[in-house]
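S.K.: Model the structure of this input:
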Amino acid sequence: MKSPGSQEINTLATLFAEARYDDALALAQTITQRFPQHGFGWNALGMVLLQMGRSADALAPMQKAATLASGNSDAHYNLGLTYQALGRIDEAEASYRRALQIKPGDAEVHYNLSLVLRSMGRLDDAVVSCRQAIQFRPNYAEAYFNLGGVLQTQGKMEEAAQNYAQALAFKPDYAEARWSLAMISIPLVADNQEQIEACRENSLREHAELNAWFDVTRTKLGHNAVGIDHPFYLAYQEENNRDMLARHGALCVRLMQHWQERQTFSFPHIAAGGVVRVGIVSAHIRSQSVWDAFVKGWFQHLDRARFELHVFHIGSRQDHETAWAKSRSASFEQGSRSLKQWVEAIMAKHVDVLIYPEIGMDPMTLKLASLRLAPTQIAAWGHPETSGLPTMDYYLSAEYLEPADAQNNYTERLICMPHLGCHYHAEPTARLAPDFVALGIATGVPLLLCPGVPFKYAPQHDHVLVEIARKLGRCQLVFFTYANHALSAKLRRRLSAAFAQAGMKFDDYSVFIPWQEKAAFYGLMEQADVFLDTIGFSGFNTAIQAVECGLPVVTREGRFMRGRLASGILRRMGVTELIVDTDEAYVDLAVRLARDAEYRHDIRLRIASARSILFDDITPVRALEDFLLRVVKR
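M.R.: Residues are numbered from 1 along each chain as shown. Here you go, the predicted structure:
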């Protein structure tokens, strides 16, 4: 078989190294035409397209290369990279494992396999792959860093910190590892209130040291680290985090602006006037809680005669909602791209307003939000906490979700849309009757659902669950095992200790069941007696779903927006007797609802007659339109 010559191979390598991707693309295409049965050209073509952010276009050449060079581990590895960029992680895993069959000692393949396994939630397997990468390359700083991240996700903070430190030992200017080492003092699921207080003190000290670490020399590395870890779990502590997040935001902006000042961008001019060009940057343009709660309503009802939606879907996962959103957009950018490529894509659209629905939930969003890419930039309540970023001008919240002094909790200017601030449409949902025996749920006793994710259960409120069980006697508190099983296990151990301290056995009153699909969850809610909202960080989607099923929701109204999501729903309905302001009142209300069938039935009837006011509310969307027109002065 004829093969490319060394001159062509060397030229292609030079073009690739110099990031002259257009020239490299042309040469790779020429090689595939001259040598169509040789895998090199197809592999080169795929790699160039990957570097250009054209992951979908890269797939066919990579597949052809893996077919033509089936015994070449690199061909399967590069195909795995392509599948990984496309979010097709099952296929990425298969390609990496095929590469390892050919070359078992390839540390880089083990490392990338660990990334895929981590994204799949297979954390124990990811740990194994990280350790194998380190076995074959003992000074592999990136593998130590990823191992630290997996262990941190499992709640093993001390081990995680040791691995971040080891990564820094091998690579002293490793900005990402230094960043994560500074953020690790914030627990995902706290052991007790004392740990929370200590972590807040440690966070302030760690932030000051991190800020100093990024000196004149290291500042140029900072853009790599921003967003790698975020003080996300501060929101699950019922404290005012504005000052702490403002320090974090200032550092993010300092590092990202330094990067931006070193770039050169040139874009065609788009004339002002006409429709308002609204950009939306999100990793969750798909069926997901942020999308379901409020973003979808924008796509459904913003007036297309006055507004254009330009969407930048930076996440890899997509579904039928993604396709629908694309059909409602003036432009829709998606796929695996570098920071620079995303900045270029956003700035090329010359949007008037840029909205970030959920800052803090993925690294790329935080990097982009720390830059000034539009005249007006807005954060919204997908993560119900201030961003702390000086680059965010406004924060979109809602009338029924904020306390009177709410502006004190935000670095942005707070804008409250009417009512619940969103257009929420209740989709018809099938109900699947629960199999109580298969789930291990006791019958014939009060059934109380506890649907919060583990980090929403603050340790200072564990006594509430203990007291409810103690007063009811025989009952069943139903928790749901989170995708990260390690966190659910930690919560279970902590609750078991709290029950034991009261002389009670946790398993006599409680059960953890598998996470349920929507139809099964709705079926379970229709059979339950009470829905126990989490205290301090409330639920929105779960609470409104409970209302759809007529299930009484017990909630304690919090000090901050994030603790008022369920109470906002109930207040909007006028069913305010389900809202309490103390832990003691919470216990009493839950016990009364569980015991008093007549009272519970009356509440169910009131919910059924009042809940229609929550759905298909167009007022918040019209208010958003008016606000957008004001800020862009149209």
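
S.K.: elements contacting the lowest-mean-pLDDT helix or strand in the chain?
M.R.: Ranked by mean pLDDT, DSSP states H and E, the helix or strand of the chain with the weakest confidence is helix 6-17, at a mean of 77. Applying 3 or more Cβ pairs under 8 Å, 6 or more residues apart in numbering; DSSP states H and E, one finds that helix 6-17 makes contact with helix 21-34, helix 39-51. No exception for glycine: its C-beta is placed from N, CA and C like everyone else's.

S.K.: buried stuff in that helix?
M.R.: Within helix 6-17, the residues scored as buried using 16 or more other Cβ atoms under 10 Å are Glu8, Leu12, Leu15, Phe16.

S.K.: relative to helix 21-34, how tilted is it?
M.R.: In this structure, helix 6-17 runs at an angle of 150 degrees to helix 21-34, with axes from the mean of the first three to the mean of the last three Cα atoms, to 10 degrees as the basis.

S.K.: list the buried ones in stretch 280-297?
M.R.: By neighbour count, with 16+ other Cβ under 10 Å as the criterion, the buried positions of stretch 280-297 are 280-288, 290-297.

S.K.: Which secondary structure state is assigned to Trp323?
M.R.: Trp isn't right for residue 323; it's Ala. For Ala323, the assignment made with DSSP: H, G, I helix; E, B strand; the rest coil gives helix.

S.K.: Might you report the residue contacts of Leu439?
M.R.: The neighbours of Leu439, taking Cβ atoms under 8 Å, 6 or more residues apart in numbering as the test, are Val511, Ile513, Pro514.

S.K.: how deep is Gln63 tucked in, by neighbour count?
M.R.: Here the neighbour count serves as a burial measure; for Gln63 (other Cβ atoms under 10 Å) it reads 17.

S.K.: Thought Leu79 was touching it, still the case?
M.R.: Yes: counting by Cβ atoms under 8 Å, Gln63 does reach Leu79; the two are 6.4 Å apart.

S.K.: all helices of the stretch 301-450 of the chain, in order?
M.R.: Defined through DSSP state H, counting those that start in this stretch, the helices belonging to the stretch 301-450 of the chain, from first to last, are 320-327, 339-348, 363-369, 436-439.

S.K.: how far off helix 39-51 does the least confident helix or strand of the chain point, in degrees?
M.R.: Angle of helix 6-17 versus helix 39-51, following the same axes, to 10 degrees, is 10 degrees.

S.K.: So which residues make contact with helix 6-17?
M.R.: Taking contacts as Cβ under 8 Å, 6+ apart, the residues outside helix 6-17 that touch it are Tyr21, Asp23, Ala24, Leu27, Ala28, Ile31, Phe40, Ala44, Met47, Val48, Gln51.

S.K.: quick revisit: as TSV, the helices of the stretch 301-450 of the chain with mean pLDDT would be great.
M.R.: Rendered in TSV, the data for these read as follows (pLDDT from 0 to 100):
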stretch	mean pLDDT
helix 320-327	96
helix 339-348	93
helix 363-369	96
helix 436-439	95
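
S.K.: which residue sits closest to the spatially most central residue of the chain, ignoring its sequence neighbours?
M.R.: Central residue of the chain (Cα atoms, centre = their mean): Met361, 3.6 Å from the mean position. The spatially closest residue to Met361, leaving aside those adjacent along the chain, is His383, at 5.7 Å (Cβ to Cβ, 6 or more residues apart in numbering).

S.K.: ok, back up a step: buried among the contacts of Leu439? Make that a ChimeraX selection.
M.R.: A single ChimeraX command selects the buried members of the contacts of Leu439 (16+ other Cβ under 10 Å):
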select :513
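
S.K.: among the contacts of Leu439, which are in strands?
M.R.: Counting by DSSP state E, the members of the contacts of Leu439 that fall within strands are Val511, Ile513, Pro514.

S.K.: Tell me how far Asn202 lies from Met157.
M.R.: According to Cβ to Cβ, to the nearest Å, Asn202 stands 11 Å off from Met157.

S.K.: now Ala28: how far from Gln51?
M.R.: In this view, Ala28 and Gln51 are 11 Å apart by Cβ to Cβ.

S.K.: So these two - more neighbours on which side?
M.R.: More crowded of Ala28 and Gln51, by other Cβ under 10 Å: Ala28, with 27 against 16.

S.K.: residues touching the more buried one, list them.
M.R.: Contacts of Ala28 were listed using Cβ under 8 Å, 6+ apart, and they are Leu12, Gly41, Ala44, Leu45, Val48.

S.K.: Repeat that for Tyr96.
M.R.: The contact partners of Tyr96, taken as Cβ under 8 Å, 6+ apart, are His76, Tyr77, Gly80, Val109, Asn112, Leu113, Val116.

S.K.: one more time with 7 Å, if that's ok
M.R.: In this structure, Tyr96 makes contact with Tyr77, Gly80, Val109, Asn112, Leu113, Val116, judged by Cβ atoms under 7 Å, 6 or more residues apart in numbering.

S.K.: Columns pLDDT on top of these, output as CSV?
M.R.: Converted to CSV, the contacts of Tyr96 look like this (pLDDT from 0 to 100):
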residue, pLDDT
Tyr77, 93
Gly80, 94
Val109, 96
Asn112, 96
Leu113, 97
Val116, 95
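
S.K.: Between those, which sits nearest Arg131?
M.R.: Distance from Arg131 was checked for each of the contacts of Tyr96 by Cβ to Cβ. The minimum falls on Leu113, at 11.8 Å.

S.K.: any idea how far the nearest residue to the closest one once chain neighbours are set aside is from Gln318?
M.R.: Residue nearest to Leu113 in three dimensions, not counting chain neighbours: Tyr96, with 4.2 Å by Cβ to Cβ, 6+ apart. Counting by Cβ to Cβ, the gap from Tyr96 to Gln318 is 22 Å.

S.K.: likewise Glu239?
M.R.: 36 Å.

S.K.: roughly how far out does stretch 295-309 sit from the chain middle?
M.R.: For stretch 295-309, the separation from the chain centroid amounts to 23 Å (computed by Cα atoms, centre = their mean, to the nearest Å).

S.K.: tell me how far the ends of that stretch are from each other?
M.R.: For stretch 295-309, the separation between the terminal residues is 12 Å (Cα to Cα, to the nearest Å).

S.K.: Looking at it now, give me its mean pLDDT.
M.R.: For stretch 295-309, the per-residue pLDDT values average out at 96.

S.K.: Buried ones in it, by neighbour count?
M.R.: Buried residues in stretch 295-309, counting neighbours by 16+ other Cβ under 10 Å, are found at Val295, Lys296, Gly297, Trp298, Phe299, His301, Leu302, Phe307, Glu308, Leu309.

S.K.: Let me know the closest of those residues to Leu366.
M.R.: If you rank the buried residues of stretch 295-309 by distance to Leu366 using Cβ to Cβ, Val295 comes first, at 17.8 Å.

S.K.: Could I get the contacting residues of the nearest residue to the closest one once chain neighbours are set aside?
M.R.: Computed as Cβ to Cβ, 6+ apart, the closest residue to Val295 that is not its neighbour in sequence is Pro357, at 5.2 Å. If a contact means Cβ under 7 Å, 6+ apart, then Pro357 has Ile280, Ser282, Val290, Val295, Ala380, Gly382 as its contacts.

S.K.: Distance-wise, check Ser488 relative to Pro620.
M.R.: Ser488 sits 35 Å away from Pro620, going by Cβ to Cβ.

S.K.: What of Val127?
M.R.: Taking Cβ to Cβ as the criterion, Val127 is separated from Pro620 by 45 Å.

S.K.: higher neighbour count, these two?
M.R.: When Val127 is set against Pro620 and neighbours are counted by other Cβ under 10 Å, the residue ahead is Pro620, at 24 against 20.
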